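Q: Fold the stuff below for me.
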Amino acid sequence: MAEDLKETLYEFVDRFDVTLLVVENALSIPMHLPLGAALTEFLAETRLPAIGHHHDFYWERSRYALNAVHDLLDACFPPRDPNLRHVVINQAALEELSWRRGVPSMLIPNVLDFEKPPRRLPRSATRELRQRLGLQPDRFMILQPTRVVPRKGIEHAIQLVEMLGEDKYVLVISHEAGDEGLEYRHALSQAASDAGVNLRFIVAEPGGIAAKDPVSAFRSSRHREEVRKRWDEGRFTLGEIYQCADLVTYPSLYEGFGNAFLEAVYYGVPLVVNRYATFTRDIEPKGFRVIVMEGFVSRHVVEEVRKVLADPGRRKEMARHNYERARRFYSYAVLRRSLRTLIMGIRGYEMA
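A: Numbering: from 1, shown residues only. Down below sits the predicted model:
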């Protein structure tokens, strides 16, 4: 299979006259061993300038600790290739890559288009969407915008809603389960039932973040009907869901970075964040105003949530402050500067 994939890579690069190859995580985590081997051999044979964008490495996942392909992992995930520049998304990964592979890398965090504020749904559309999600006007929607996998720590979100102690709080999980099995979802459903927590699962469609669709979709009756038809089918974009949320929970035990954190900031939703390692080291020092938890839901966290939800002025100020912080550190402007520096340093590649 690796040989077939390598042949396809040759055809692809030749057909589209590729002069710089960007490899997204395929040389980082061994989800597809033949592809990693094919890419490694292809880059070695062609000396094509390339960038390996690494989101997470196999040594960061316990499920790869026991394996029978140590030599392949060492050779290909990632390879030591002088024409391959490495980009990581957090400081710990930069240090680990240097220690384990002896290769330098550049840290470029995840970003969003904070130079352009979100174009929001009309208030009437937001109210309608909340109704379709089964939320009464006096209910608070607490959004858990992550996949349903154990490292997301979703049981803490259930505990938070339980400790808030009123039925006006509804916990909504916006992503699906399945890529690591369904047992965790079943356990969460049982925990919520035992705790008397109103828990709802939906599957938000990808997209909608930093898109122009929400406003333009309601400018004509035809577009409004198209959106309502999609809603009737239970299909909502992630951007639409964020605009319905009153609070975002992010109690992750581990994250490579934290896309959902940036998304919540983009839409001005206050956050409860567990102090996972990358947040503590890379994000928290940037000065964001969020409610933090130290691995468990304390009474202090619960009281802070109550205060934030009861104070629209405080929520607005938190949203404004966090957006400005994100625009400074996690905007496309940051990405453009970093990419320019990265590409100018690639051997054998000249920018147009």
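
Q: How is this protein partitioned into domains?
A: 2-111+333-344, 123-330 (automatic domain parsing).

Q: Which of the ones you listed has the lowest mean pLDDT?
A: In terms of average pLDDT, domain 123-330 trails the rest of the domains of the chain, at a mean of 91.

Q: which residue ranges form the helices in the stretch 201-350 of the chain?
A: 213-216, 221-232, 238-244, 259-266, 277-278, 299-310, 312-329, 332-344 (DSSP state H, counting those that start in this stretch).

Q: so which of those gets nearest Met141?
A: helix 238-244 (5.6 Å; Cβ to Cβ). C-beta: built from backbone N, CA, C; applies to glycine.

Q: what about stretch 57-69, start to end distance?
A: Using Cα to Cα, to the nearest Å, the gap from the first to the last residue of stretch 57-69 comes to 15 Å.

Q: can you offset everything so residue one is 829?
A: Understood, numbering begins at 829; the last thing we discussed is stretch 885-897.

Q: May I see the helices of the stretch 1029-1178 of the chain organised as JSON lines, with mean neighbour count and distance to Thr847 added?
A: Converted to JSON lines, the helices of the stretch 1029-1178 of the chain look like this (neighbours: other Cβ atoms under 10 Å; distance: least, Cβ to Cβ, whole Å):
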{"stretch": "helix 1041-1044", "mean neighbour count": "15", "distance to Thr847": "33"}
{"stretch": "helix 1049-1060", "mean neighbour count": "13", "distance to Thr847": "40"}
{"stretch": "helix 1066-1072", "mean neighbour count": "23", "distance to Thr847": "34"}
{"stretch": "helix 1087-1094", "mean neighbour count": "23", "distance to Thr847": "29"}
{"stretch": "helix 1105-1106", "mean neighbour count": "18", "distance to Thr847": "33"}
{"stretch": "helix 1127-1138", "mean neighbour count": "16", "distance to Thr847": "50"}
{"stretch": "helix 1140-1157", "mean neighbour count": "16", "distance to Thr847": "31"}
{"stretch": "helix 1160-1172", "mean neighbour count": "14", "distance to Thr847": "11"}
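
Q: one step back: would you mind giving the domains of the chain as a markdown table with distance to Pro945 added?
A: Putting these into a markdown table (distance: least, Cβ to Cβ, whole Å) gives the following:
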| stretch | distance to Pro945 |
| --- | --- |
| domain 830-939+1161-1172 | 15 |
| domain 951-1158 | 7 |
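
Q: Spatially central residue in this protein, please.
A: Closest residue to the average C-alpha location of the chain: Asn1087 at 2.7 Å, with Cα atoms, centre = their mean.

Q: so what's it closest to, chain neighbours aside?
A: Asn938 (5.7 Å; Cβ to Cβ, 6 or more residues apart in numbering).

Q: List the residues that contact the one you found.
A: Counting by Cβ atoms under 8 Å, 6 or more residues apart in numbering, Asn938 makes contact with 917, 1085-1087, 1090, 1158.

Q: One more: Val1136?
A: Contacts of Val1136 (Cβ under 8 Å, 6+ apart): 1075, 1098, 1119, 1142-1143, 1146.

Q: for the helix or strand containing Arg913, which positions count as buried?
A: Using DSSP states H and E, Arg913 sits in strand 912-916. For strand 912-916, a neighbour-count test (16 or more other Cβ atoms under 10 Å) marks 912-916 as buried.

Q: Would you point out the most distant pair within those?
A: That would be Leu912 and Val916, which, of these, are the farthest apart (Cβ to Cβ) at 13.1 Å.

Q: Distance from the chain centre to stretch 1130-1145, please.
A: 25 Å (Cα atoms, centre = their mean, to the nearest Å).

Q: That should have said stretch 983-996, apologies.
A: Relative to the centre of its chain, stretch 983-996 is centred 24 Å away, using Cα atoms, centre = their mean.

Q: now the contacts of Asn938 as a markdown table including distance to Glu1152?
A: What follows is the contacts of Asn938, written out as a markdown table (distance: Cβ to Cβ, whole Å):
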| residue | distance to Glu1152 |
| --- | --- |
| Ile917 | 22 |
| Phe1085 | 20 |
| Gly1086 | 18 |
| Asn1087 | 19 |
| Leu1090 | 14 |
| Tyr1158 | 11 |
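
Q: Let me know the closest of those residues to Asp1022.
A: Looking across the contacts of Asn938 and measuring by Cβ to Cβ, the closest to Asp1022 is Gly1086, at 29.3 Å.

Q: That closest one reaches Tyr1078, doesn't it?
A: Yes - between Gly1086 and Tyr1078 there is a contact under Cβ atoms under 8 Å: 7.1 Å.

Q: coming back round to it: pretty sure the residue nearest to Asn1087 sits in a helix.
A: No - read with DSSP: H, G, I helix; E, B strand; the rest coil, Asn938 is coil and lies in no helix.

Q: Please tell me how far it sits from Tyr1160.
A: Asn938 is 11 Å from Tyr1160, where distance means Cβ to Cβ, to the nearest Å.

Q: before we move on, the earlier item: would you list the helices of the stretch 1029-1178 of the chain in a markdown table and tack on distance to Lys996?
A: Converted to a markdown table, the helices of the stretch 1029-1178 of the chain look like this (distance: least, Cβ to Cβ, whole Å):
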| stretch | distance to Lys996 |
| --- | --- |
| helix 1041-1044 | 26 |
| helix 1049-1060 | 23 |
| helix 1066-1072 | 15 |
| helix 1087-1094 | 21 |
| helix 1105-1106 | 33 |
| helix 1127-1138 | 10 |
| helix 1140-1157 | 16 |
| helix 1160-1172 | 38 |
